[in-house]
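Undergrad: Next come a sequence and a model predicted from it.
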Amino acid sequence: MALIPRALWLSVHKWIGLCLGIWIALQGLTGAFLVYKLEIQAGLDPQLYRTGSPTKRIDYDGMVESVAKNFPGYRIAYLERDGMASDEAFRFIVQRLGVAPSPFTDREVFVHPSTAAIVGDRDWLTFTKAVWVLHNGLIAGRLGEDVVGYLALVLLVSLLGGIIIWWPKKGGFRRALRINIRSSLPKLIRDLHTVSGIYAVVALLTIALTGLTVIFPKQAHAAISLFTEVRPSSSFTSDTTMPRVRRDRQTQSAAPSLNALAATIEQEYPRSTVTLLLFPHNSEKGTFTFRILPAGVNPFVYTTQVYMHPKDGHIIGRFDPANQPAANSFLGTWAVYLHTGHLGGTTGRLAVFASQLFLPAFFTGL
C-alpha cells in the first residue's frame, strides 16, 4: 500500500465516500441502534416481553402445546429468549403452514414459561427487526447479504485509505492526534473527520472484518486456516453434516419430550440459560438445537450449542468454545459478538456504538 501514491488513496477515499456515503451512514446508524436491540425491543413492548411474575420452572412441553392449540394454522420454527429478566416471556416464532417462511408472514407468540399462557402475539416484522433486516441485507434476503458484504469490502479499503492519508510524517503524531478548535472552519471540519476517524478506526476495522466473517463464512474459514489450525473438536461441529439424521422440512415427526431434553441440558451444563431452541425441521442439522449460556463464565465467550437427535433426544454433537480451538470459536460465535461489541461487555458495546455513530460523519470529509 505504501507503493500507491497518497494522492491516489485520497481520491479513492473521497470517491468511496461520495458513492457510498448514504449507505455508510445508514449502516452506522442502524448498527448503533442494534447494539442495544434487546433492551430497546423489550422497552417498547414491556407488556409482551414481561409476564410480571418470576419464572419458577420452565414447561417447554406445555408451551409448545399451548402455541399449537392457539395457532393451528402455523408451525413452530424456533423458540428464543433474551435471558435479561426473571419474568421474561418466551418467544415462539411460528410460520404459516403451506407458505414459505417470510418476515412478512411469520408471527411472534409470547408465552409464560411456567403457566404456558399466551401473553400476546404480533407480526414478526416489527420496527426493531426491520432495522436488523435492513442492516444485514437491505431487506433482500441472501442476495442483499452478499451485496452488503461486497460493500463492506469497499468500506474496508476506504478505512485503510483513511489511515494512509492521515499517517503523519516523523515526529508529527502528537499534533495529528489533536483537534485545534481555533483553526479555520474548513481545516476544523477536516480535522474533525480525520482525527475522530483515527480514534474510531480500530473499532471500525473490527466491525468490518467481523461482518465479512459472518456474511462470507467459507471464505473466512479458508483465510484463517492459512495462519492457524481450524479443525472440528469432535466428529461433529456446526460446520459439518449431521450423520445418520434424516431431515424433513415438511412434517414434524414424533419427538421426545422437550422437558426431558432440557433436563439433559441442565445435567450437562448446570444452571445454564437456554436462549434459543431450533426445531428439527428448521435446523440446519435436522436436530433439536439448544443454544445455551453456561453459568459462571462470560456468556458471550462461552456460548454453546448442543445438538440432540430428533427421535430419541440423545446428544450427538456440540459446539463448545471450552473444548475447541479459538479459531473455531471465532468463526462460530465470537465474530458475531465482536461485531456487536457484546464480547467486550459494557465497554465493548459502548465502543461499537460510538464508532458506528462516527460513520455518518464520513460526509464531513467530502
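TA: Arrived safely, thanks for sending.
Undergrad: CA atoms for contacts and neighbours, from now on please.
TA: Fine.
Undergrad: continuing past the helix or strand of the chain with the lowest mean pLDDT, what's the next helix or strand?
TA: Every helix and strand of the chain was ranked by mean pLDDT, DSSP states H and E. The lowest is helix 173-176, at a mean of 78. For helix 173-176, the following helix or strand on the C-terminal side (DSSP states H and E) is helix 185-215.
Undergrad: in that following helix, what's buried?
TA: Residues 190-198, 200-201, 203-215 are the ones in helix 185-215 that count as buried (16 or more other Cα atoms under 10 Å).
Undergrad: what about the nearest residue to Phe104 once chain neighbours are set aside, how many residues close to it?
TA: Nearest residue to Phe104, sequence neighbours excluded (Cα to Cα, 6 or more residues apart in numbering): Leu125, at 6.3 Å. Neighbours of Leu125 under the rule other Cα atoms under 10 Å: 18.
Undergrad: now swap in Glu268 and tell me
TA: Residues near Glu268, counting by other Cα under 10 Å, number 12.
Undergrad: Any idea how far stretch 33-48 is from the middle of the chain?
TA: 15 Å (Cα atoms, centre = their mean, to the nearest Å).
Undergrad: which stretches of the protein form strands?
TA: Using DSSP state E, the strands of the chain run over 74-80, 90-96, 107-111, 118-123, 273-278, 288-293, 304-308, 315-319.
Undergrad: Taking strand 74-80 as reference, get the angle to the second one.
TA: Pointing back at strand 90-96 there. 150 degrees (axes from the mean of the first three to the mean of the last three Cα atoms, to 10 degrees).
Undergrad: before we move on, what about the fourth one?
TA: Relative orientation of strand 118-123 and strand 74-80, computed by the same axes, to 10 degrees: 100 degrees.
Undergrad: List the buried residues of strand 118-123.
TA: Buried residues in strand 118-123 (16+ other Cα under 10 Å): 118-119.
Undergrad: That strand pairs with which strands?
TA: Under the criterion DSSP bridges, strand 118-123 sits next to strand 107-111 (antiparallel) in its sheet.
Undergrad: Report the backbone C-alpha coordinates of the strand it pairs with in PDB.
TA: In PDB, the C-alpha atoms belonging to strand 107-111 read as follows (Å, rounded to 0.1, in the frame of the first residue of the first chain):
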ATOM      1  CA  ARG A 107     -45.600 -14.400  13.700                       C
ATOM      2  CA  GLU A 108     -44.100 -14.000  17.100                       C
ATOM      3  CA  VAL A 109     -46.000 -15.600  20.100                       C
ATOM      4  CA  PHE A 110     -45.200 -14.600  23.600                       C
ATOM      5  CA  VAL A 111     -45.700 -17.300  26.200                       C
END
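Undergrad: So what touches it?
TA: 48-49, 63, 67, 89-95, 117-124 (Cα atoms under 8 Å, 6 or more residues apart in numbering).
Undergrad: now that strand: mean pLDDT?
TA: Across strand 107-111, pLDDT averages out at 97.
Undergrad: can you check stretch 359-366 too?
TA: Across stretch 359-366, the average pLDDT comes to 64.
Undergrad: And stretch 42-52, by the same measure?
TA: Taken as a whole, stretch 42-52 has a mean pLDDT of 94.
Undergrad: Share the number of residues neighbouring the closest residue to Pro310 other than its chain neighbours, please.
TA: Residue nearest to Pro310 in three dimensions, not counting chain neighbours: Thr287, with 5.2 Å by Cα to Cα, 6+ apart. Burial of Thr287 is recorded as 26 neighbouring residues (other Cα under 10 Å).
Undergrad: how about Thr287, what does it touch?
TA: By Cα under 8 Å, 6+ apart, the neighbours of Thr287 are 245, 278-281, 307-310.
Undergrad: From these, list just the buried residues.
TA: Buried positions within these, assessed by neighbour count (16+ other Cα under 10 Å), are 278-281, 307-310.
Undergrad: and which of these is nearest to Leu226?
TA: Among the buried ones among the contacts of Thr287, Tyr307 lies closest to Leu226 (Cα to Cα), at 28.9 Å.
Undergrad: Now that closest one: closest residue in space, sequence neighbours ignored.
TA: Leaving aside its sequence neighbours, Tyr307 sits nearest to Thr289 (Cα to Cα, 6+ apart; 4.7 Å).
Undergrad: so the one you found makes contact with Phe279?
TA: Yes - using Cα atoms under 8 Å, Thr289 is in contact with Phe279, at 6.8 Å.
Undergrad: show me where the protein has helices.
TA: Ranges of helices in the chain, per DSSP state H, are 6-35, 37-44, 46-49, 60-70, 127-137, 141-166, 173-176, 185-215, 217-224, 258-268, 326-329, 335-340, 345-358.
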